[in-house]
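> can you look at this prediction? I've put the sequence above it.
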Amino acid sequence: MGVSSAGFGGANAHVIVTSAPPQPRPAAPPRPRPEATIAERAVRAAPDAEAGTPPALPVIVSAGSPEALNDAVQRMADRLADTPPRDFYDLAYTSCVRRGKHPYRAAVTARDPAEAAERLLAASGDGPRARAADRGRVGLVYCGNGSQWAGMGADLLTADAGFAETVERADAALLPHLGWSVAERLAAPPGAWRLEATEVAQPLLFAVQVGLTAMLRARGIVPAGAVGHSVGETAAAWAAGALTLEDAALVVAARSRAQAPTAGNGRMAAVGLAPDDAAQALAAHDGLHLAAVNSDHDVTVTGPEERLRALGRELAAANVFFRMLDLDHAFHSPAMDPVRAPLTSALTALRPRRPRRPSPPPSPASW
């Protein structure tokens, strides 16, 4: 409490009578408001990162036009060059929370000012610079066979604790069905992965996708929906709450085990044609099937290898994109018909739940 007096000529005097009563500190920081952006949530959560490991923080630059954005990026990079590492959190926080959001934006994540400056300047027009959407929500798409490569996610096992912890949980759920550890395989040299075996590739894909979902959730990226293609449907069902982690692990293990004996019965290829045009091209090649429609000008076809290669030669002569996939299976074709009975038998006890909008739990351990 105090008494203040301002004199006619501008003199000011203030006497402190007593101090204000002490205010108790809150036990925990307030939760971000529901409308907080992903970047705001990420930068607010950063101080909770493990001691000794600099967190990767988002830095956002925005402007009213592409030209102004280029100038703003250069000014931010110059500012970052003069920023001591100890002040990087404050700068990142201000860029995400305290600055106006103009329609054209550039965003990077970095662990220190120098890295942020380098990434901002290196960003091309097709990179993390774009016109912001007026409205929108986040959806996650989970990939199927063909998206895997030896070494995928291995660096995250040591670089991201949330990813590693969730992969370990997926490993524990898969181990009784597989008899081998996906976590150990992810940490092994790429030459030991055996991705040509679908009973290996599918569980590894699932574990990586589950771990990536956890990593994104820890950064405030909460999807409004999830969708998957092929084996990715299982990870999407888990993300949407339709399957528990244990049930999803059962589906992945049973599916890949049932499909393993079909190796050698056909191949798959990516083709740069619209679905109707692809169907017309396939009509002249008995035994080939349209396996997947990936976009309005990109499909996947499947069937016996010799017939696929004949189709490929025909399309190459017409200057149409054609590429054989590194898969020794004719997925999404009649070659999978023998899989139906053993797979449905293995999943008779499965009880999916009603999907829900995914939401981040307090910590990965409680999922």
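Arrived safely, thanks for sending.
> C-alpha only now, for contacts and for neighbours.
OK.
> please report how far Pro203 lies from Ala242.
With the distance defined as Cα to Cα, to the nearest Å, Pro203 ends up 18 Å from Ala242.
> of those two, which one has the most company?
It is Pro203, of Pro203 and Ala242, that has more neighbours when counted by other Cα atoms under 10 Å, with 24 against 19.
> secondary structure element for the more buried one?
If you go by DSSP states H and E, Pro203 is part of helix 198-218.
> in that helix, what counts as buried?
Neighbour counts using 16 or more other Cα atoms under 10 Å place 198-218 of helix 198-218 among the buried residues.
> what about the next helix or strand after it, average pLDDT?
Moving toward the C-terminus from helix 198-218, the next helix or strand (DSSP H and E) is strand 225-228. The average pLDDT within strand 225-228 is 90.
> can I get strand 225-228 in CSV? Just the C-alpha atoms.
Listed next in CSV are the C-alpha coordinates belonging to strand 225-228 (Å, rounded to 0.1, in the frame of the first residue of the first chain):
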residue,chain,number,x,y,z
GLY,A,225,-8.5,-36.9,-37.6
ALA,A,226,-6.4,-39.8,-38.7
VAL,A,227,-6.5,-41.9,-41.9
GLY,A,228,-4.2,-44.7,-43.1
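> list the contacts of that strand.
Contacting residues not belonging to strand 225-228 are listed as 138-144, 233-237, 239-240, 357-358 [Cα atoms under 8 Å, 6 or more residues apart in numbering].
> looking at those residues, which is nearest Ala283?
Among the contacts of strand 225-228, Gly144 lies closest to Ala283 (Cα to Cα), at 26.0 Å.
> give me every residue that touches the closest one.
205, 228-233.
> do Ala77 as well
For Ala77, the residues meeting the contact criterion (Cα under 8 Å, 6+ apart) are 116-118, 120-121.
> with Ala207 instead?
For Ala207, the set of contacting residues under the criterion of Cα under 8 Å, 6+ apart consists of 167, 170-171, 182.
> distance of it from Ala330?
From Ala207 over to Ala330 the distance is 23 Å, taken as Cα to Cα.
> and the residue nearest the centre of the chain, how far from His14?
The central residue of the chain, meaning the one whose C-alpha is nearest the mean C-alpha position (Cα atoms, centre = their mean), is Leu212 at 5.3 Å. Plainly put, Leu212 is 58 Å away from His14 if you go by Cα to Cα.
> can you map out the helices along the stretch 51-200 of the chain?
Assignment of helices within the stretch 51-200 of the chain using DSSP state H, counting those that start in this stretch yields the ranges 66-81, 88-93, 113-122, 156-159, 161-178, 182-187, 198-218.
> nearest to Arg351, of these?
Arg351 lies closest, by Cα to Cα, to one member of these: helix 161-178, at 16.4 Å.
> before we move on, the earlier item: in strands, which of the contacts of strand 225-228 fall?
Within those, residues falling in strands by DSSP state E are 139-142.
> any idea which of these is closest to Asp286?
Distance ranking of the ones in strands among the contacts of strand 225-228 against Asp286, using Cα to Cα, places Tyr142 first at 31.4 Å.
> count the residues that sit near that closest one.
If you count neighbours by other Cα under 10 Å, Tyr142 ends up with 24.
> could you do Ala341 as well?
In terms of burial, Ala341 registers 10 neighbours under the definition other Cα under 10 Å.
> sec struct for it, please.
Of the three states, Ala341 takes helix according to DSSP: H, G, I helix; E, B strand; the rest coil.
> coming back round to it: what is the nearest of the contacts of Ala207 to Pro55?
The shortest approach to Pro55 among the contacts of Ala207 belongs to Val167, at 20.5 Å (Cα to Cα).
> many thanks, I have nothing further to ask.
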